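A.B. asks: 3D, please:
(chains A and B)
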Amino acid sequence: MKNWPLWEVFVRSKNGLEHRHCGSLHASDATMALENARDVYTRRMEGVSIWVVPSKEITASNPDDSAELFDPAKDKAYRHPTFYELPEELKHM
Amino acid sequence: MSEIEMKELEAIFDQKIANDEKIEPKDWMPEKYRKTHIRQISQHAHSEIVGMLPEGNWITRAPSLRRKVALLAKVQDEAGHGLYLYSACETLGVTREELYEQLHSGEAKYSSIFNYPTVTWADMGAIGWLVDGAAIINQVPLTATSFGPYARAMVRVCKEESFHQRQGFEIMMTLASGTQEQKDMAQDALNRWWWPSLMMLGPTDAESVHTEQSMKWKLKRKTNDELRQQFIDQTVPQAELIGLTIPDPNLKWNEETKRYDFGALDWDEFWQVVKGHGPCNKARMDARKNAWSKGEWVRDAAMAYAEKQELKLETA
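C.D. replies: Numbering: from 1, shown residues only, chains lettered A, B, ... in the order given. Reported below is the predicted structural model:
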């Protein structure tokens, strides 16, 4: 028989904060994944909302491509406010 | 990949760990790093799961509702810890079924302390106080280990573990201040769990085959002997506080080193239990294997139901 698929679990710890990845678990379907996530990841009031996503549905970037994906941002200091040298007397900016 | 390229990759990898950068599942890693982590994380997960059995023995016989809900919560945490760790391990490309298979076939180990029986209620106190106490000492440094998913799982585990030790000590404290019979029961539990708890921190440094490599990968921050000394130094005053005696005639405060000197451990017993000849090895494994094989129809039924629901959605 087939093994239970893997699900990724995301928990919102309180309203106002984003859901954050907190781990994974096995379950036969989405309903069971939610129930198991409640028991495995929120036994001490760690969450007010849970998302479960089949792990196979996640497309991840490859660490081998990290350089071409993320390095171009390194030499773009002009995207940061501190790049612009302005007089000290200037206020509210 | 040529040997030179491999060496270069390894050098970059070693440097990352030396800089306290984390290794994530899809990053390149030496095969030995992957294998060692699968071995250690799964061994850790198995220990949590098998560790439920000695305590599960007392849930229905806890002396009060307060003790019962606490013990239930502790055992449930251990199931949770096992699941965090299995998930972390699976990110290294091994399946849950393979991990179970390794446990059931005896290929994978689990902490040998769970092969001792829990014969009185006081054992619930001694386990929480000593076994979880030793586990905390082992686990806290792992929150800073190099493999990201393992470190993150250990942060959650350690947060939850402190309640385990405190509830255990409270049981011991209550018994130790009770009737003579209750005090004797507490002392007897301490006598039986003391030495196995010391052995839980692993073979002596001279015998430990993985220490050097594990230190480099931050799977270990202190050697087994250092951890053992730390455990003894912090536990002896706790026993004194509740009027119990550590069962070691050679235990003595050393004014020079500011540490306790202690008697020799019976390592023959340790290796006997590791090799499967402890009092409960067979019972523990039978319980795990039965749970897995007798639960098969439930797993199959749940999967069949899920597939049927999926089909309904598609044809609707």
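A.B. asks: what does chain B put close to chain A?
C.D. replies: B:24, B:26-28, B:73, B:76-77, B:80, B:83-84, B:87-88, B:90, B:95-97, B:152-153, B:160, B:296, B:299-300, B:302-303, B:305-306, B:309-310 (C-beta under 8 Å from any C-beta of the partner chain). Quick note: C-beta positions are derived from backbone N, CA and C, even for glycine.
A.B. asks: which parts of chain A are helices?
C.D. replies: Along chain A, counting by DSSP state H, helices occupy A:30-41, A:66-70.
A.B. asks: residues near residue 61, how many?
C.D. replies: Since you didn't name a chain, this refers to chain A. Residue A:61 is flanked by 10 other residues according to other C-beta atoms under 10 Å in any protein chain shown.
A.B. asks: not quite, I wanted chain B
C.D. replies: Residue B:61, neighbours per other C-beta under 10 Å, totals 11.
A.B. asks: quick check on the residue nearest to it when sequence neighbours are not counted: phi, psi?
C.D. replies: Leaving aside its sequence neighbours, residue B:61 sits nearest to residue B:121 (C-beta to C-beta, 6 or more residues apart in numbering or on different chains; 7.2 Å). When read as degrees, to the nearest 10, the backbone of residue B:121 gives phi -60, psi -30.
A.B. asks: OK, contacts around residue B:121?
C.D. replies: B:58, B:61-63, B:171, B:175, B:185 (C-beta atoms under 8 Å, 6 or more residues apart in numbering or on different chains).
A.B. asks: need the buried ones from the residues you listed selected in ChimeraX.
C.D. replies: A single ChimeraX command selects the buried members of the contacts of residue B:121 (16 or more other C-beta atoms under 10 Å in any protein chain shown):
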select /B:58,62,171,175,185
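A.B. asks: for chain A, state which of the contacts of residue B:121 is nearest.
C.D. replies: Relative to chain A, the closest of the contacts of residue B:121 is residue B:62; by C-beta to the nearest C-beta it sits at 19.2 Å.
A.B. asks: OK, contacts around that closest one?
C.D. replies: B:68, B:71, B:121, B:124.
A.B. asks: can you put these in a markdown table and add secondary structure?
C.D. replies: A markdown table is the format used below for the contacts of residue B:62 (DSSP: H, G, I helix; E, B strand; the rest coil):
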| residue | secondary structure |
| --- | --- |
| B:68 | helix |
| B:71 | helix |
| B:121 | coil |
| B:124 | helix |
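A.B. asks: okay, now the domains of chain B?
C.D. replies: As assigned by the TED database, chain B contains the domains B:3-266, B:279-315.
A.B. asks: could you say which of those is packed most deeply?
C.D. replies: domain B:3-266 (a mean of 18; mean count of other C-beta atoms under 10 Å in any protein chain shown).
A.B. asks: now the end-to-end length of that one.
C.D. replies: Start-to-end span of domain B:3-266 (C-alpha to C-alpha, to the nearest Å) is 45 Å.
A.B. asks: what is the mean pLDDT for it?
C.D. replies: Summarised as a single mean, pLDDT over domain B:3-266 is 95.
A.B. asks: now, the contacts of residue B:121 that are in helices?
C.D. replies: Reading helices off the contacts of residue B:121 with DSSP H, I get B:58, B:171, B:175, B:185.
A.B. asks: helices of chain B, start to end?
C.D. replies: Remark: helices assigned in chain B by DSSP H are B:3-18, B:31-50, B:52-59, B:65-90, B:96-105, B:122-126, B:132-139, B:148-176, B:180-199, B:211-216, B:224-241, B:267-272, B:281-294, B:296-315.
A.B. asks: can you pull the contacts of residue 83?
C.D. replies: Defaulting to chain A. Residue A:83 sits next to residue A:77 when contact means C-beta under 8 Å, 6+ apart.
A.B. asks: switch to chain B, that's the one I care about
C.D. replies: Residue B:83 makes contacts with A:25, A:40, B:45, as judged by C-beta under 8 Å, 6+ apart.
A.B. asks: around chain B, pick out the residues from chain A.
C.D. replies: A:1-4, A:6, A:23-26, A:28-29, A:32, A:39-40, A:43-44, A:60, A:62-64.
A.B. asks: emit the PyMOL select command for whichever of those residues are buried.
C.D. replies: Entered in PyMOL, the line below selects the buried ones among these, by 16+ other C-beta under 10 Å:
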select buried, chain A and resi 4+6+23+24+25+26+28+29+32+40
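A.B. asks: sort out for me which of the residues of chain A next to chain B are in strands.
C.D. replies: Among the residues of chain A next to chain B, the members falling in strands are A:6, A:23-26 (criterion: DSSP state E).
A.B. asks: and the gap between residue B:230 and residue B:244?
C.D. replies: As judged by C-beta to C-beta, to the nearest Å, residue B:230 and residue B:244 stand 20 Å apart.
A.B. asks: residues contacting the closest residue in space to residue A:49 that isn't next to it in sequence?
C.D. replies: Spatial nearest neighbour of residue A:49, chain neighbours left out: residue A:12 (4.1 Å); criterion: C-beta to C-beta, 6+ apart. Applying C-beta under 8 Å, 6+ apart to residue A:12 gives the contacts A:18-20, A:47-50.
A.B. asks: any idea how far residue B:117 is from residue B:130?
C.D. replies: 15 Å.
A.B. asks: okay, now residue B:267: neighbour count?
C.D. replies: 12.
A.B. asks: next, the contact list for it, please.
C.D. replies: B:199, B:203-204, B:207.
A.B. asks: same thing with residue B:7?
C.D. replies: Counted by C-beta under 8 Å, 6+ apart, residue B:7 has zero contacts.
A.B. asks: cool, and residue A:40?
C.D. replies: Counted by C-beta under 8 Å, 6+ apart, residue A:40 has contacts A:9, A:23, A:25, B:80, B:83-84.
A.B. asks: I'd like the distance between whichever residue of the stretch 151-300 of chain B sits closest to chain A and residue B:288.
C.D. replies: The stretch 151-300 of chain B approaches chain A most closely through residue B:300 (4.3 Å), counting by C-beta to the nearest C-beta. According to C-beta to C-beta, residue B:300 stands 19 Å off from residue B:288.
A.B. asks: figure out which of the helices of chain A is closest to residue B:2.
C.D. replies: Residue B:2 lies closest to helix A:66-70 among these, at 20.5 Å (C-beta to C-beta).
A.B. asks: residues making contact with stretch B:154-161?
C.D. replies: Taking C-beta under 8 Å, 6+ apart as the rule, stretch B:154-161 contacts A:43-44, B:77, B:80-81, B:84-85, B:132, B:135-136, B:139-140, B:142-143, B:145.
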